[in-house]
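Would you be able to build a 3D model of this:
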Amino acid sequence: MKHYYFSALALLAVAFSYGQCPPAGLNITSQAQLNAFLVDYPNCTQINGDVIIDEANITNLNALANIVTITGALEIREVPALANLNGLQNLQTVGTDLILREVEGLSTLAALSSLTSVGGEFTVRSCPDLVEFNGVNNLMHVGLGMIIRDCESLTSIEGLSNLTFVGEILEVVENPVLTNLMGLENIMTIVGGEEGALVIEGNAMLTSLEGLGNAYTVMTGDVTIAANGLLSLCAVPSICSYLQNPSAGALITINTNLLGCNSQAEVETACTVLDTDYFTETVVPFRIMQNPVKDVLQLHSTEANGTVVIYDALGRKVGTYNLQKGIHAYSVENASGLLIVVVESGEYKQAFKVLKP
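Numbering: from 1, shown residues only. Got it, this is the predicted structure:
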């Protein structure tokens, strides 16, 4: 009986270990190591920590096919033999950064079809075979920067059409055959950070900023639009709205583009002669400017009169405030966890879910 007892415990321990995930992320250095992950952790769906694949001879990511969440970063750098991201088709959230850099053979992002949120920076840089962004159509939220740089074959970013929130900076830089920014039309908020809110620079074939946000896009930081050799149309609703009321102290750099977009004054002049119908779109009156939040919730409103009521996950009211027009901060320092923010003004009413760690 004792022998049977200990055997049962041993079998239980083995079964238990197979149901777990690695305790501190993954640092992948070979294909064999990556393949062993699926054998060792066949039921793992959440990796707590970072997944780093750097300077490795990796040809496929199939062993990650069960992963839904990575709480830390996913970094794939200098992996020349990787042609696609197959194996990441179930990945929905990345807690911090998602970096694809110097992945020279990468031709498609189609495997990222389930991705909805990147908590930190989403960078696609120096991927010379990448032609388009199709595949990231469900991505809605980037907590810090959305960086698209040095992709010499990139012709389209239309796959970003559901992206609405960028927590700091949007950069589209040194993509020599990209001709337009269609795919960014639904961005409602670019919060801005130390490096600014928007950088459109060094895109040799870019002729127009059409597709960049809309009349109700809010940007609150520096803007650089420079050294785009064929760019002549910058007077689009998002830029015109920004130039009407830039954030205090913002540095605006518009130069070395073609006539019509070669200075701030040229763009402002072009904005004044646009038909007002060009700016007519469905009004989105309220926007949350960050999520998760810390001690204050920043909310942008196009309306001046109304209320902001904040509830916790149990439906208890934790704060009631008068709605103010523009960007204003509302205290949530006495709350934690999942919060429901209900904003109401006249005919408009909207509820948001935000997280306060």
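
quick one: low-confidence parts of the stretch 151-300 of the chain?
Scanning the stretch 151-300 of the chain for pLDDT under 70 picks out 274-284.

Helices of that one, residue ranges please.
All helices of the stretch 151-300 of the chain, identified by DSSP state H, counting those that start in this stretch, fall at 237-244, 264-272.

Residues contacting the first one, please?
Where contact means C-beta atoms under 8 Å, 6 or more residues apart in numbering, the residues beyond helix 237-244 that reach it are 187, 209, 212-217, 219, 223, 225, 252, 264, 267-268, 271, 274, 278-279, 281. C-beta here means a position set from N, CA and C on the backbone, and glycine is covered the same way.

again, 7 Å this time
209, 212-215, 217, 219, 223, 264, 267-268, 271, 274, 278-279 (C-beta atoms under 7 Å, 6 or more residues apart in numbering).

so where do the strands sit in the stretch 151-300 of the chain?
Applying DSSP state E, counting those that start in this stretch to the stretch 151-300 of the chain gives strands spanning 165-166, 170-173, 189-190, 198-201, 218-219, 223-226, 252-255, 286-288, 296-301.

With mean neighbour count and distance to Val309 as extra columns, can I get the ones you listed in CSV?
As requested, the strands of the stretch 151-300 of the chain are exported to CSV (neighbours: other C-beta atoms under 10 Å; distance: least, C-beta to C-beta, whole Å):
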stretch, mean neighbour count, distance to Val309
strand 165-166, 24, 22
strand 170-173, 23, 31
strand 189-190, 27, 21
strand 198-201, 23, 33
strand 218-219, 24, 22
strand 223-226, 22, 34
strand 252-255, 16, 37
strand 286-288, 21, 13
strand 296-301, 20, 12
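
looking at these, which is closest to Ala81?
Of all the strands of the stretch 151-300 of the chain, it is strand 170-173 that lies closest to Ala81, at 26.2 Å by C-beta to C-beta.

Now do the strands for the stretch 1-150 of the chain: every range, in order, please.
Counting by DSSP E, counting those that start in this stretch, the stretch 1-150 of the chain has strands at residues 26-30, 46-47, 51-57, 69-70, 74-77, 93-94, 98-101, 117-118, 122-125, 141-142, 146-149.

For the strands of the stretch 151-300 of the chain, give me a markdown table that also has distance to Val51.
Output for these, formatted as a markdown table (distance: least, C-beta to C-beta, whole Å):
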| stretch | distance to Val51 |
| --- | --- |
| strand 165-166 | 23 |
| strand 170-173 | 24 |
| strand 189-190 | 27 |
| strand 198-201 | 28 |
| strand 218-219 | 32 |
| strand 223-226 | 32 |
| strand 252-255 | 36 |
| strand 286-288 | 29 |
| strand 296-301 | 31 |
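
just so I know, which of those lies nearest Ser30?
Taking these one by one with C-beta to C-beta, strand 170-173 is closest: 32.5 Å.

out of the contacts of helix 237-244, what pair is the most spread apart?
Going by C-beta to C-beta, the pair spanning those furthest: Asn214 and Gln264, at 20.5 Å.

Return a PyMOL selection command for the buried portion of the contacts of helix 237-244.
In PyMOL, this line selects whichever of those come out buried by 16 or more other C-beta atoms under 10 Å:
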select buried, resi 209+212+213+214+215+217+219+223+264+267+268+271
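
Nearest to Thr123 among the contacts of helix 237-244?
Using C-beta to C-beta, Leu212 comes nearest to Thr123 of the contacts of helix 237-244, at 18.9 Å.

Please name the bridge partners of the closest one.
Leu184 (DSSP bridges).

Now do the same contact list for it.
Leu212 neighbours (C-beta under 7 Å, 6+ apart): Leu181, Leu184, Val236, Ser238.

right, and Ile190 touches Gly167 too?
No: contact criterion C-beta atoms under 7 Å: Ile190 and Gly167 do not qualify, at 8.4 Å.
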